[in-house]
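>>> Quick one, structure for this:
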Amino acid sequence: MHVLHQLRVWSGEQDRVVMASATQHVFQPIVTTSVVVNKVMGTFMLLIVQLDDHPDVFLIRVPNPADVDKFHGHAWNWCGENVFFTRVLRVVHTDARDVFINMEVHQVY
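Numbers count the residues shown, from 1 in each chain. As a prediction, the model looks like this:
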């Protein structure tokens with residue numbers, strides 16, 4: 001529940017959450033992800049939460065459902081760092097894992 005609490009969302013269907021995966025790692029993955037999110041949204045004031053046990057994967061809560069389309073299925077490159085985004089349709093809290101994410105294309109975990 002830690003990630004959901006930080007993200008300020010409840011378990012279940014989501015319409016304002018995207019998942020980001022950062023690669024390369026010249027910079028800290030959170031720095032790269034934050035820079036890209038700022039470039040797309042024009043603000044650093046969005047909630048970005050790292051998934052437990054996955055230092056390169058982040059959940060981002062955007063202000064409006066329409067903002068999800070700005071990220072879903074897109075990838076950006078910043079200073080040789082790549083960040084890939086996909087929409088999150090559902091998050092579920094379980095006792096075994098903090099967050100279980102069901103996405104449109106595939107399932108994480």
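
>>> residue boundaries of the helices in the chain?
With DSSP state H, the ranges of helices along the chain come out as 2-7, 29-41, 65-71.

>>> who wins for proximity to residue 20 among those helices?
helix 29-41 (5.0 Å; Cβ to Cβ). No exception for glycine: its C-beta is placed from N, CA and C like everyone else's.

>>> avg pLDDT for that closest one?
The average pLDDT within helix 29-41 is 93.

>>> Other residues contacting that helix?
20, 22, 24, 44, 46, 48, 50, 55-56, 58, 60, 62, 67, 70-71, 76, 78-79, 81, 83 (Cβ atoms under 8 Å, 6 or more residues apart in numbering).

>>> I'd like the helices of the chain as a markdown table, with mean neighbour count and distance to residue 90 appended.
Formatted as a markdown table, the helices of the chain follow (neighbours: other Cβ atoms under 10 Å; distance: least, Cβ to Cβ, whole Å):
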| stretch | mean neighbour count | distance to residue 90 |
| --- | --- | --- |
| helix 2-7 | 16 | 12 |
| helix 29-41 | 19 | 22 |
| helix 65-71 | 16 | 13 |
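
>>> Let me know which of the ones you listed is the nearest to residue 13.
Here helix 65-71 is closest among these (Cβ to Cβ), at 11.2 Å.

>>> so how far is residue 4 from residue 67?
According to Cβ to Cβ, to the nearest Å, residue 67 and residue 4 sit 19 Å apart.
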